[in-house]
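In: Quick one: sequence plus predicted model below, questions after.
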Amino acid sequence: MQSSTLVRFAQALGYPGFTELRAVFRSHAREQWPDYGDRLKALRDTPSKRGPAALLTGFARAAMVSIERVDGATDPAALEHAVEVLATARTIHLIGARRAFPVVSYLAYALGKLGIVAQLIDQIGGLAPERVDLIADDEAVLAVSFAPYAPASVELTCRAASRGVPVVAITDSPFSPLVQPAKVWLEVAEADHAAFRSLSGTFVLAMTLAVAIAERRQRNGL
């Protein structure tokens, strides 16, 4: 979706621009997900969801819904664009924190095993901003974040984009703060069970990207 379309949409709803509408959505997203103590209490108060067997069934069903969503809803043109951006990058820098951290960690592993240079930008030593500032023009960023959106991930992604680094984002909504700085973004709407969200759809998309990037690089002789 083009940024101009989002601005017109926001103005049609009575907001000065998309930034103001996005702020409302982000506030709602923060309130949507209760803390983990409240989630466990809700489980205790719902007998049909209690017990390991019931949890397994619930999480398995949520995972299947997530995978079906990502398979049916991913825009083929956006996926192709994302692969092209990342396949032509000399190094892929990975940004993701909190519940997105397992995804970028997997990508670092998978890309490395496929012979692709990938660097995980973590917060160890507080040097992440400096590492972002060292990203070269022929490299790219792959950022992953979901509501309520880790502030560090948003800040680092915007920092990279402001320097002209191409950004591919995996996120959960056109209202995500990763959409605006991204050259291309892919949406994953994970299902949940008892407010515990799956990561199954995201991992399927991450595996798809890793293998597609490797195949594209091999085809292009890179």
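Out: Arrived safely, thanks for sending.
In: okay, CA-based contacts and neighbour counts for the rest of this
Out: OK.
In: Am I right that residue 141 is in a helix?
Out: No - read with DSSP: H, G, I helix; E, B strand; the rest coil, residue 141 is strand and lies in no helix.
In: Apart from its neighbours in sequence, what residue is nearest residue 157?
Out: Excluding the flanking residues, the one nearest residue 157 by Cα to Cα, 6 or more residues apart in numbering is residue 143, at 6.7 Å.
In: just residue 131 next, same as before
Out: In space, residue 131 is closest to residue 121, 7.3 Å off (Cα to Cα, 6+ apart).
In: I'd say that neighbour and residue 128 touch.
Out: Yes - Residue 121 lies in contact with residue 128 (Cα atoms under 8 Å); the separation is 6.0 Å.
In: who's more crowded, the two?
Out: A direct count of neighbours by other Cα atoms under 10 Å for residue 121 and residue 128 places residue 121 higher, at 22 against 17.
In: What score does the residue of the chain most remote from its centre have for pLDDT?
Out: Ranked by distance from the centre of the chain (Cα atoms, centre = their mean), the top residue is residue 47, with 33.2 Å. Looking at residue 47, its pLDDT reads 71.
In: by contact count, what packs against the biggest helix by length in the chain?
Out: When the chain is parsed with DSSP state H, its longest helix is helix 52-73. Packed against helix 52-73, as judged by 3 or more Cα pairs under 8 Å, 6 or more residues apart in numbering; DSSP states H and E, are the following elements: strand 192-193, helix 200-219.
In: could you pull out the strands for the chain?
Out: Along the chain, the segments classed as strands by DSSP state E run 92-96, 118-120, 140-144, 167-171, 184-187, 192-193, 196-197.
In: For residue 53, which of those is the nearest?
Out: strand 192-193 (13.3 Å; Cα to Cα).
In: Please verify my assumption that residue 82 contacts residue 182.
Out: No - if you go by Cα under 8 Å, residue 82 and residue 182 don't touch, sitting 10.2 Å apart.
In: Between the two, which contacts overlap?
Out: Residues touching both residue 82 and residue 182 comprise residue 168, with contact defined as Cα atoms under 8 Å, 6 or more residues apart in numbering.
In: Show me where the protein dips below the pLDDT cut-off.
Out: For the chain, the stretches with pLDDT under 70 are 1-7, 9-34, 48-49.
In: One more pass at 90, please.
Out: Across the chain, the ranges flagged by pLDDT under 90 are 1-52, 54-55, 122-126, 148, 173-175, 192-198, 220-222.
In: who's in contact with the residue nearest to residue 157?
Out: When contacts are counted by Cα under 8 Å, 6+ apart, residue 143 touches 94-96, 153, 157, 167-170, 178.
In: one step back: would you list the strands of the chain in TSV and tack on distance to residue 35?
Out: Converted to TSV, the strands of the chain look like this (distance: least, Cα to Cα, whole Å):
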stretch	distance to residue 35
strand 92-96	20
strand 118-120	28
strand 140-144	21
strand 167-171	21
strand 184-187	24
strand 192-193	14
strand 196-197	10
